[in-house]
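Novice: What would the 3D arrangement of this be:
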Amino acid sequence: MFVDDAEPLRNPDQGAGTSVLERPETQESPVRDDGGDADRFAHYVSKDRIAESRMTGRPVVALCGKVWVPKHDPSKYPVCPDCKRIYEEMMG
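Specialist: Purely as a prediction, here's the structure:
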């Protein structure tokens, strides 16, 4: 039996077809892993790390373990109680 590779081109209504895959609609909601903590407290981070973060956009890690990219003036917020406690323990 001879199979002509051009056969689908001669009769396009027969043979393989195309179909549309439907993707279910999903609603994305941004999840804040910090619970808004970055907006409520000023955290302790070395000045060198802050300067580096401002230049590179890389996140910093506070004494309390908070990871974020600093964008706001920390003098407008109360000091994080965990950072303060850890700092005082370190200083003796």
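Novice: How many residues are close by Arg40?
Specialist: Neighbourhood size, Arg40 [other Cβ atoms under 10 Å]: 11. For every residue, glycine as well, the C-beta is placed using N, CA and C.
Novice: Now do it, the pLDDT please.
Specialist: The model reports Arg40 with a pLDDT of 85.
Novice: Now it: closest residue in space that isn't a chain neighbour?
Specialist: Spatial nearest neighbour of Arg40, chain neighbours left out: Tyr77 (6.5 Å); criterion: Cβ to Cβ, 6 or more residues apart in numbering.
Novice: before we move on, what about Tyr87?
Specialist: Distances taken as Cβ to Cβ, 6+ apart place Tyr44 nearest to Tyr87, at 5.4 Å, with adjacent residues excluded.
Novice: all strands of this protein, in order?
Specialist: 60-61, 67-68 (DSSP state E).
Novice: Compare the ones you listed and say which comes out lowest on pLDDT.
Specialist: Looking at these, the bottom one is strand 67-68 with a mean of 92.
Novice: Which strands and helices lie in contact with that strand?
Specialist: strand 60-61 (3 or more Cβ pairs under 8 Å, 6 or more residues apart in numbering; DSSP states H and E).
Novice: The strand it packs on pairs with which strands, parallel or anti?
Specialist: Strand pairing for strand 60-61, using DSSP bridges, gives strand 67-68 (antiparallel).
Novice: doesn't Pro81 make contact with the residue nearest to Tyr87?
Specialist: No. Tyr44 is not in contact with Pro81 according to Cβ atoms under 8 Å; the separation is 11.0 Å.
Novice: Look at those two and report which has more neighbours.
Specialist: Neighbour count, other Cβ under 10 Å: between Tyr44 and Pro81, Tyr44 has more, with 18 against 10.
Novice: what sits against the more buried one?
Specialist: Shown in contact with Tyr44 (Cβ atoms under 8 Å, 6 or more residues apart in numbering): 62-64, 79-80, 83-84, 86-87.
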